[in-house]
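In: quick one, what's the 3D model for this:
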Amino acid sequence: MRSAHFAVLAAALAALAVVPRAAVGSVTSTETTRYVVVLAGEETADGFQLAGTKEAVTSLVTLAGGSVTYDLSKQIGVLVVDSPNASFAEALRASPLVVEAAEDFKWKAFPTREEAIASGQLTVMHDGEPLPGGGPEPRGGDPLEPLQWSKRLIRAPEAHAIQAGSPLVEVGILDTGIDGEHLDFVDMDGALYAGSRVPYSNVNCAKGADFTTPGPGIGNPDPCTDNGFHGTHVAGIVAARASNGVGVAGVAPNIELIPVKVCDTVGYCYASNTAAGITYAGDMKFEVINMSFYVDDDTFLESHEFKCMSDPVQRAFRTANERAIRYARKQGVVPVAALGNSDNDLAHPPEPYENECEVVPAETDGVIGTMSLGPTSEKAYYSNHGFGMTDVAAPGGNSRNRQGAEFAGPCGTQVLSTIPGNVYGCFQGTSMASPHAAGVAALIVSQFGRIGNDAGAPDVVMRPQDVENHLQSTTIDLTRVGDNKLNGYDACFGNGRIDAVKAVTHDTSVVRHPVEAPADSRGCPSFR
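Out: Numbering: from 1, shown residues only. Sure, this is the predicted structure:
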């Protein structure tokens with residue numbers, strides 16, 4: 001035992017010996033900064049194997065003036081550390097136990113509710129408002145369903161006759177939180193979820209988690225209190241209850257929603273928050289997660305869109321989140337993400353970026369990257385795309401659609417869904433496309449997964465790669481009217497538009513749908 005203790009002590013001393021003396025002695029600031037620390041080692045089937053000992057790593061962090069906020073070392077070899085030491089990152093980088101350390105990265109992922117309403121991006125409406133054109137309400141449906149063109153485009157209502165989602169399938173919404181008391185997540189005839197704040201709600205608050213960074217703009221740390229509106233809007237697209245007589249209906253209305261809060265009330269999503277949230281989803285073995293981290297407006301910090309491996313700070317961000325994605329997939333999680341809203345060809349990033357720069361997490365290996373469509377299956381004017389980057393296409397809204405007169409009413413060609421306070425909002429972006437894909441993925445797991453056992457509780461098991469293959473092989477191939485240049489996989493639509501009926505019946509037959517829209521300079525049918 002003495003030799004073992006000596007080995008631990010020697011490793012700790014060796015690690016600390018390389019910390020610059022000036023860095024250790026400079027812990028004088030009263031302001032605390034959050035850092036992402038990527039540790040040296042390797043990913044194994046049994047978890048992450050550190051290059052040194054845990055004791056040595058802990059001592060290194062402590063001596064440099066840091067305190068560990070999230071310890072993800074066992075799962076992905078990452079620490080989230082708070083420190084008042086301005087030289088903390090420099091001190092950690094000097095150690096062979098550390099691959100990279102960087103001040104936490106942030107970006108304005110989406111506007112606040114107030115900003116979105118003020119700019120005209122978000123239209124708020126109530127359940128009781130009359131439908132445009134008058135006439136009787138459809139029998140057997142929810143009052144606002146006629147405005148849900150996005151759900152009809154992927155044939156979700158028809159799919160529900162076969163599969164509407166299993167209560168055993170958990171979909172993690174990594175976002176601003178979910179309004180756990182919104183009435184459109186409640187169905188008195190549905191399953192009674194033990195972790196729900198409201199009886200018969202499919203939002204499980206007990207399993208939710210908050211990973212937002214403390215400080216100005218944090219909002220309420222309760223995962224079932226939305227920091228803005230975005231998370232609730234995304235959650236409604238996935239699983240608002242169907243035919244409960246309230247509002248709208250989701251793509252997979254019978255599944256269970258788990259709020260994982262990674263974005264604050266101001267609209268910032270930090271690298272440490274997202275890495276911790278994805279890792280948590282892996283720990284909890286959610287079947288599907290939705291990551292709509294990117295902006296839903298035309299004015300965002302474009303310099304933050306691409307994360308380049310040549311930049312040490314961005315490398316730390318990417319490595320931490322990529323490790324988290326790989327860990328989650330090993331745990332059975334299907335990751336779905338929005339491709340972003342800057343109309344970029346991600347296979348050919350704009351200057352000054354090179355191909356070593358990627359949008360994270362949408363371009364990360366193992367993530368189902370989703371681009372956005374308008375109501376006639378045209379590429380939404382804002383949607384990113386790219387050969388090898390776009391996996392599937394899904395409705396996300398397109399306010400510049402030139403046939404918008406056919407979609408009169410409060411939402412027009414935007415996507416209608418739930419927002420906090422038992423009201424509804426019209427919004428658009430790849431953030432809205434991604435949850436449509438996540439909802440169909442949840443239907444696939446519900447229909448074709450096998451019943452398993454997770455820590456004594458029943459769950460549904462299906463290999464992430466099988467779900468991904470299933471989703472991509474049951475799409476509708478979108479082509480341009482008048483030619484066949486887009487037949488099959490293409491840079492614009494990837495494998496094609498998701499289709500809920502084909503997905504739940506595993507219909508892999510080739511079905512092509514012509515898109516009547518002019519081509520832009522990159523060959524994508526797009527209204528501008």
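In: quick one, strands of the stretch 351-500 of the chain?
Out: 357-358, 368-373, 392-395, 415-419, 423-427, 450-454, 457-461, 477-480 (DSSP state E, counting those that start in this stretch).
In: looking at the ones you listed, spot the one closest to K54.
Out: Closest to K54 of the strands of the stretch 351-500 of the chain, according to CB to CB: strand 450-454, at 26.6 Å. In short, each C-beta sits where N, CA and C put it, glycine included.
In: adding distance to A159, write the strands of the stretch 351-500 of the chain out as TSV.
Out: TSV is the format used below for the strands of the stretch 351-500 of the chain (distance: least, CB to CB, whole Å):
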stretch	distance to A159
strand 357-358	33
strand 368-373	18
strand 392-395	14
strand 415-419	18
strand 423-427	22
strand 450-454	20
strand 457-461	17
strand 477-480	19
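In: please name whichever of those strands is nearest to H126.
Out: Of the strands of the stretch 351-500 of the chain, nearest to H126 by CB to CB is strand 423-427, at 5.5 Å.
In: E100 is nearest to which of the strands of the stretch 351-500 of the chain?
Out: That would be strand 357-358 among the strands of the stretch 351-500 of the chain, by CB to CB, at 16.3 Å.
In: I'd like the average pLDDT over that closest one.
Out: Mean pLDDT, strand 357-358: 82.
In: who are the packing partners of it?
Out: strand 307-308 (3 or more CB pairs under 8 Å, 6 or more residues apart in numbering; DSSP states H and E).
In: which strands and helices sit next to the helix or strand just after the strand it packs on?
Out: Counting by DSSP states H and E, the next helix or strand C-terminal to strand 307-308 is helix 312-330. Secondary-structure packing of helix 312-330 (3+ CB pairs under 8 Å, 6+ apart): strand 33-39, strand 41-44, helix 73-76, strand 78-83, strand 98-103, helix 271-284, strand 307-308, strand 334-338.
In: list the buried residues in helix 312-330.
Out: 313-329 (16 or more other CB atoms under 10 Å).
In: can I get the strands of the stretch 351-500 of the chain in CSV including mean neighbour count?
Out: CSV is the format used below for the strands of the stretch 351-500 of the chain (neighbours: other CB atoms under 10 Å):
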stretch, mean neighbour count
strand 357-358, 22
strand 368-373, 30
strand 392-395, 29
strand 415-419, 29
strand 423-427, 25
strand 450-454, 11
strand 457-461, 15
strand 477-480, 21
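In: which of the ones you listed sits closest to K74?
Out: Nearest of the strands of the stretch 351-500 of the chain to K74, taken as CB to CB: strand 450-454 at 18.5 Å.
In: for the helix or strand hosting V61, list the C-alpha coordinates in CSV.
Out: Assigned by DSSP H and E, V61 belongs to helix 54-63. Extracted in CSV, the C-alpha atoms of helix 54-63 (Å, rounded to 0.1, in the frame of the first residue of the first chain):
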residue,chain,number,x,y,z
LYS,A,54,-7.6,11.7,-10.2
GLU,A,55,-5.8,12.9,-7.1
ALA,A,56,-3.1,14.6,-9.2
VAL,A,57,-5.7,16.3,-11.4
THR,A,58,-7.6,17.6,-8.3
SER,A,59,-4.4,18.9,-6.7
LEU,A,60,-3.5,20.6,-10.0
VAL,A,61,-6.8,22.4,-10.1
THR,A,62,-6.8,23.4,-6.5
LEU,A,63,-3.2,24.8,-6.6
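In: what angle separates that helix from strand 78-83?
Out: Counting by axes from the mean of the first three to the mean of the last three CA atoms, to 10 degrees, helix 54-63 lies at 30 degrees to strand 78-83.
In: show me what helix 54-63 is packed against.
Out: helix 2-17, strand 67-72, strand 78-83.
In: remind me which residues of this protein are low pLDDT?
Out: Along the chain, the model assigns pLDDT under 70 to residues 1-30, 106-108, 127-140, 215-218, 294-304, 401-409, 482-486, 517-523, 525-528.
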